[in-house]
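# Here's my sequence, what's the structure:
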Amino acid sequence: MVALIRLGGTRLFLAGQAVSLLGDGLAILAIPLLVLELTHNPAAAALASVPRAVGYLVAGLPAGPLIDRANPWHVLIAADIVRVAIFATLFGLSVSGSDSVGVILALAFISGVAGVFFETALAVAVRDLCRDRELVRANSFLESASQSSILLGPMAVGLLAVSVGLGAALLVNAGTFVVSLATLWGASRRATRISDPHGWAPWRRFGAEFRNGLRYLATTSILVSLAVLAVVANLCLGAATLVVFFARDYLSAAPWLVGLVVAGGGLGGVLGAATAPALIARFHPVPLCVAATLVTGVALASVGLAPTVWWLAASNLVLVWSDVLASIVVRTLRQQIVPRELLGRVTSAVRWVVLATTPLGAVLAGLLTQLAENDPRPAFLVAAALLGVSTPAIWAVGLRRHRNTPMLPVRHGPSPGASSDRSTTSLVERRSL
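Residues are numbered from 1 along each chain as shown. Here you go, the predicted structure:
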């Protein structure tokens, strides 16, 4: 009976986070549209499109040790309160006709920082709430909701902006975080009985805690190898930012066909999240992650060789499918391998490095395209070749020894005898990972 109650609470919590992720999808278009409506300045709109990336660069590293010190559920609730207040304020600015673009951009970046804290705390909270296969299913569900929001969010903003005005989209966005808050409040009370979050340690130990998290990451071979694989993959996936340019300018596709190419990627993301639980149940996670990364390389090559928009859309679907599958595998492994008291630090450090790589890959792909006289094909083919060479090398050097690693049961609460500022040896390490 207790297990059923707990599972029901988990479902309610995950449903609330799906609504919250829809809010993230709404924000993708709502804030840039608001800035464009006020300024008609594409540079300002571009700034309004990157609050999450800027948030990770600013707050990604300190967010981890702060969350490891606190109850992650309190961090989730605080982050949602901040985001409700921000989008309610943006709604007010939109209705009043204010032209305070600087204020709007500042609020967008604060929302991005709150999102960084939320995403890092969510990784810890999901680990506290879910065990065994539940953890895989929860990560797959959240990723599916995230990918769906990328498809549905901008579409919903467009419909709301045309029918009732852009302010309504901002108000709906605030409402999604209210729904998330309501489900978090109930789930946090149940989770307190499931896990045993540690209290706040003295602030003078903050630096030592941060270094311990990095030391644990640097000395755990499977985590280092997976992080290197993620960095290389994200560097190569910078070429994927050229998909719209490829379709519109190089293949001279009509706007609705360009939308079809983008929708193919969104559908691939949803399929990647939906198929992940079955594939993880059937195959060992490390070989599955490596195989998915190799498929990503093949898909990049297929994009580079695409003779038609339909080929491009199908290749983009496979590209995003394999990338999402690999991401879910890595996220779940990290949640199971890293001791509970270090999970926030390790998660934020890895995400910070990976996200910092993404714009670098996009810039390199753009430069290569310019050197090729605006032909994007070489950028995709070079990225595919780099991924095709580096993935087997990372497998041979760092991941092959972990090929039989199973998905292990999740232990809730701190490791026995561990303190919040001391790196410990996890169950996985004791199995010679």
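
# Count the residues that sit near the nearest residue to Val318 once chain neighbours are set aside.
Nearest in space to Val318, with sequence neighbours left out and distances taken as CB to CB, 6 or more residues apart in numbering, is Ala299 at 4.4 Å. Every residue, glycine included, has its C-beta placed from N, CA and C. Each residue near Ala299 was counted by other CB atoms under 10 Å, and the total is 25.

# got it, and the one 10 residues further on?
Residue crowding around Val309 was assessed by other CB under 10 Å; the count is 20.

# Could you check the pLDDT of it?
According to the predicted model, the pLDDT of Val309 comes to 91.

# before we move on, what about Asp24?
Asp24 carries a pLDDT score of 76 in this model.

# for it, what are its contacts?
In this structure, Asp24 makes contact with 115, 146, 149, 153, judged by CB atoms under 8 Å, 6 or more residues apart in numbering.

# ok, now Gly398?
With contacts taken as CB under 8 Å, 6+ apart, Gly398 has the following neighbours: 221-222, 224-225, 228.

# Neighbour-wise, which one of those residues leads?
If you rank these by neighbour count (other CB under 10 Å), Ser225 sits at the top with 21 neighbours.

# wait, it sits on Ala396?
No: using CB atoms under 8 Å, Ser225 and Ala396 do not qualify as a contacting pair, with a distance of 10.4 Å.

# So which residues of the stretch 251-400 of the chain form helices?
Assigned by DSSP state H, counting those that start in this stretch, the helices in the stretch 251-400 of the chain fall at 255-282, 285-304, 309-337, 343-371, 377-394.

# ok, and the closest non-adjacent residue to Phe91?
Leu170 (4.2 Å).

# average pLDDT for the host helix or strand of the one you found?
Using DSSP states H and E, Leu170 falls within helix 166-194. Per-residue pLDDT values across helix 166-194 average out to 77.

# so what secondary structure elements neighbour the helix or strand following it?
Following helix 166-194 in sequence order, the next helix or strand is helix 206-219 (DSSP H and E). Applying 3 or more CB pairs under 8 Å, 6 or more residues apart in numbering; DSSP states H and E, we find helix 206-219 packed against helix 51-69, helix 221-237, helix 343-371.

# ok, of those helices, where does mean pLDDT dip lowest?
Among the helices and strands packed on helix 206-219, helix 51-69 has the lowest mean pLDDT, at a mean of 77.

# Which elements pack onto the helix or strand just after that helix?
Tracing the chain C-terminally past helix 51-69 and defining elements by DSSP H and E, one meets helix 72-96 next. Helices and strands touching helix 72-96, as assessed by 3+ CB pairs under 8 Å, 6+ apart, comprise helix 2-39, helix 101-129, helix 166-194.

# For helix 72-96, buried residues please.
Neighbour counts over helix 72-96 (16 or more other CB atoms under 10 Å) mark 72-73, 75-77, 79-80, 82-88, 90-91, 93-94 as buried.

# Give me the mean pLDDT for it.
Helix 72-96 carries an average pLDDT of 89.

# relative to helix 101-129, how tilted is that helix?
Between helix 72-96 and helix 101-129, the angle comes out at 150 degrees (axes from the mean of the first three to the mean of the last three CA atoms, to 10 degrees).

# The residue nearest to Val318 reaches Val324, doesn't it?
No: checked against CB under 8 Å, the pair Ala299 and Val324 is beyond contact range at 12.0 Å.

# Find me the pLDDT at Leu142, would you?
Per-residue confidence for Leu142 comes out at a pLDDT of 86.

# neighbours of it, just the number please.
The burial metric for Leu142, expressed as a neighbour count using other CB under 10 Å, is 21.

# again, but for Leu371
Leu371: 11 surrounding residues under other CB under 10 Å.

# Could you do the one 4 residues further on as well?
Each residue near Asp375 was counted by other CB under 10 Å, and the total is 14.

# Does it touch Thr369 like I think?
Yes: when contacts are counted by CB under 8 Å, Asp375 is listed as touching Thr369 (6.7 Å).

# quick revisit: what sits against the residue nearest to Phe91?
For Leu170, the contacting residues are 30, 34, 87, 90-91, 94, by CB under 8 Å, 6+ apart.

# Kindly indicate which of those residues lies nearest Pro339.
If you rank those by distance to Pro339 using CB to CB, Phe87 comes first, at 35.6 Å.

# show me what contacts the closest residue to the closest one other than its chain neighbours?
Taking CB to CB, 6+ apart as the measure, Phe87 lies nearest to Ala174, with 3.8 Å between them; neighbours along the chain are not counted. Ala174 makes contact with 23, 83-84, 87-88, 91, according to CB under 8 Å, 6+ apart.
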